[in-house]
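Engineer: Sequence and predicted model, in that order:
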Amino acid sequence: MASWIRKFLSSLYISVVIEDKECQVYGVLVKNGKILKTMEAVFDCNSLRVDPKFNEYIKRQEANVHSLYVSALLYNPKQWAVPTITKDGYEKFNIDFNNANIVFMPGDWSIFIPKAEFSNLTTFLNGLEPNLVYSPFALLYDKIIKNGAKSGEILYIYNQKDCVSMMVFRDNQMKFSAFFVTAKARDSFRDDRDLKPEDTTDLDNIILTEEDKFNELGSLDDLGNVVGSGKKDTFEDIQNIESDIGKTLEDSVRDIGKETVLLNDIRSAILEYYKNNLYDSDFIEEIVIFDSDKLNKSFIDTLNSELMIKAQIEPINTIKDMSEIMIRELKQ
């Protein structure tokens, strides 16, 4: 269908991210080139499949729009970005060129995913085949291009709760990549907890937000009424709030743990880049981290002191980034 016709019809773009033992869903409803509303949902899942309520949710949304598109993000470690696009180049990395889905990227590099991983993803989604499947390397590259590739030897990092993707670029030339699973329990969902029997009678009550609360307000006056209706806080209430805001010891330990894991992964990637003769390496001048896991800004100081490399952190939202890319590509 021609894009100029499609824009007059309602289209729902749904992005799916599997993270922290949850299937997260973010949808954007578009008509006449305008966003009518957004919606969010979260579904339970284990290592084998997502809760069937996910599929019921998709079917219900599809019935209300002219077109529905689904994209999904791969977290499987069986994906790689390589600084080549030729069969001979793949053989140097001991990769079967004919047994992989390969996406050729600008600048003569490519992303590959074994063909079996797509059928595994479809099985996980109870038979639903996404229209688009993204690798974190693709999301990282989109961030690099949007922010402008820096000059020099730069290590770019896409940091998420369950995994981290890294690529080294010199200007616009990709030279190295690495992928680490940072939470094995989350990645494989080894607990394999049993899902509750399917019950579609309460689809409206599952853990989801159909749209932003602001979408439910008719005007700014409504917002003022909501704000004005709250009771005044007492001094004791304020003390309780301040206590809740403060990080608990458990939170602090968790933050230190994830930062230690990330630091070790960065160190491992840099050593591999420097020592492996497959890569035309040079000294890394800067580290840029696109972060969706709420890293503490002090981590920059840690990188400076431990690796003697300057660094910066840019906060991101993975599922919204993917949604933006999906809409951009499908509207072409």
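Structural biologist: On my side now, so go ahead.

Engineer: Scan this structure for its longest helix.
Structural biologist: Longest helix in the chain by number of residues (criterion: DSSP state H): helix 249-275.

Engineer: For it, give the mean pLDDT please.
Structural biologist: Predicted confidence along helix 249-275 averages 81 (mean pLDDT).

Engineer: For Ile313, give me the backbone phi and psi.
Structural biologist: The phi and psi values for Ile313, taken as degrees, to the nearest 10, are phi -120, psi 130.

Engineer: For it, which residues are in contact?
Structural biologist: Ile313 sits next to Ile289, Asp291, Leu295, Lys297, Phe299, Ile300 when contact means CB atoms under 8 Å, 6 or more residues apart in numbering. C-beta coordinates here come from the backbone N, C-alpha and C atoms, glycine included.

Engineer: Next, find the distance separating it from Asp293.
Structural biologist: Relative to Asp293, Ile313 is positioned 10 Å away (CB to CB, to the nearest Å).

Engineer: before we move on, what about Tyr134?
Structural biologist: Counting by CB to CB, the gap from Tyr134 to Asp293 is 18 Å.

Engineer: Could you name the helices and strands sitting against the helix or strand following the longest helix of the chain?
Structural biologist: Counting by DSSP states H and E, the next helix or strand C-terminal to helix 249-275 is strand 286-291. Packed against strand 286-291, as judged by 3 or more CB pairs under 8 Å, 6 or more residues apart in numbering; DSSP states H and E, are the following elements: helix 136-147, strand 153-159, helix 299-307, strand 310-315.

Engineer: winner for burial among those?
Structural biologist: Most buried of these, by mean neighbour count (mean count of other CB atoms under 10 Å): strand 153-159, with a mean of 23.

Engineer: Mind listing residues that contact that one?
Structural biologist: 136-137, 139-140, 143-144, 164-170, 175, 262, 266, 269-270, 282-293, 295, 309, 316.

Engineer: What subset of these is buried?
Structural biologist: 136-137, 139-140, 143-144, 164-170, 175, 262, 266, 269-270, 284, 287-293, 295, 316 (16 or more other CB atoms under 10 Å).

Engineer: give the contact list for Leu278.
Structural biologist: Taking CB under 8 Å, 6+ apart, one finds Lys92, Phe93 in contact with Leu278.

Engineer: Quick one, grab the pLDDT at it.
Structural biologist: With respect to pLDDT, Leu278 scores 93.

Engineer: how near is it to Asn94?
Structural biologist: Counting by CB to CB, the gap from Leu278 to Asn94 is 10 Å.

Engineer: What of Leu29?
Structural biologist: In terms of CB to CB, Leu29 sits 45 Å off from Asn94.

Engineer: So between those two, which is more surrounded?
Structural biologist: Leu29 (20 against 7; other CB atoms under 10 Å).

Engineer: Any idea what that one is bridged to?
Structural biologist: Leu12, Lys37 (DSSP bridges).

Engineer: So it sits against Val65, correct?
Structural biologist: Yes. The pair Leu29 / Val65 is scored as a contact, 6.8 Å apart, by CB atoms under 8 Å.

Engineer: Could you tell me which residues touch both of the two?
Structural biologist: Joint contacts of Leu29 and Val65 (CB under 8 Å, 6+ apart) are Ser10, Ser11, Leu12.

Engineer: Select from the residues you listed the one having the most neighbours.
Structural biologist: Leu12 (22 neighbours).

Engineer: show me the contacts for it.
Structural biologist: Residues in contact with Leu12 (CB under 8 Å, 6+ apart) are Gly27, Val28, Leu29, Val30, Gln61, Glu62, Asn64, Val65, Ser67, Leu68, Tyr69.

Engineer: Drop anything exposed from these.
Structural biologist: Gly27, Val28, Leu29, Val30, Gln61, Val65, Leu68, Tyr69.

Engineer: can you tell me how far the second one sits from Asp321?
Structural biologist: Taking CB to CB as the measure, Val28 and Asp321 are separated by 12 Å.

Engineer: Run through who's touching the strand or helix carrying Val103.
Structural biologist: Assigned by DSSP H and E, Val103 belongs to strand 100-105. By CB under 8 Å, 6+ apart, the residues outside strand 100-105 that reach it are 81, 85, 90, 110-115, 118, 135, 138, 141, 174.

Engineer: got the angle for the helix or strand harbouring Leu68 vs helix 136-147?
Structural biologist: Using DSSP H and E, the element containing Leu68 is strand 67-73. Orientation check (axes from the mean of the first three to the mean of the last three CA atoms, to 10 degrees): strand 67-73 against helix 136-147 gives 100 degrees.

Engineer: Need the residues that contact strand 67-73.
Structural biologist: Contacts for strand 67-73 (CB under 8 Å, 6+ apart): 6, 9-18, 58, 61-62, 121, 125, 128, 130-136, 139, 318-319, 322-323, 326, 330.

Engineer: isn't Asp282 right up against Val168?
Structural biologist: No. Using CB under 8 Å, Asp282 makes no contact with Val168, being 9.0 Å away.

Engineer: For the strand holding Val103, which strands pair with it and how are they oriented?
Structural biologist: strand 109-114 (antiparallel).
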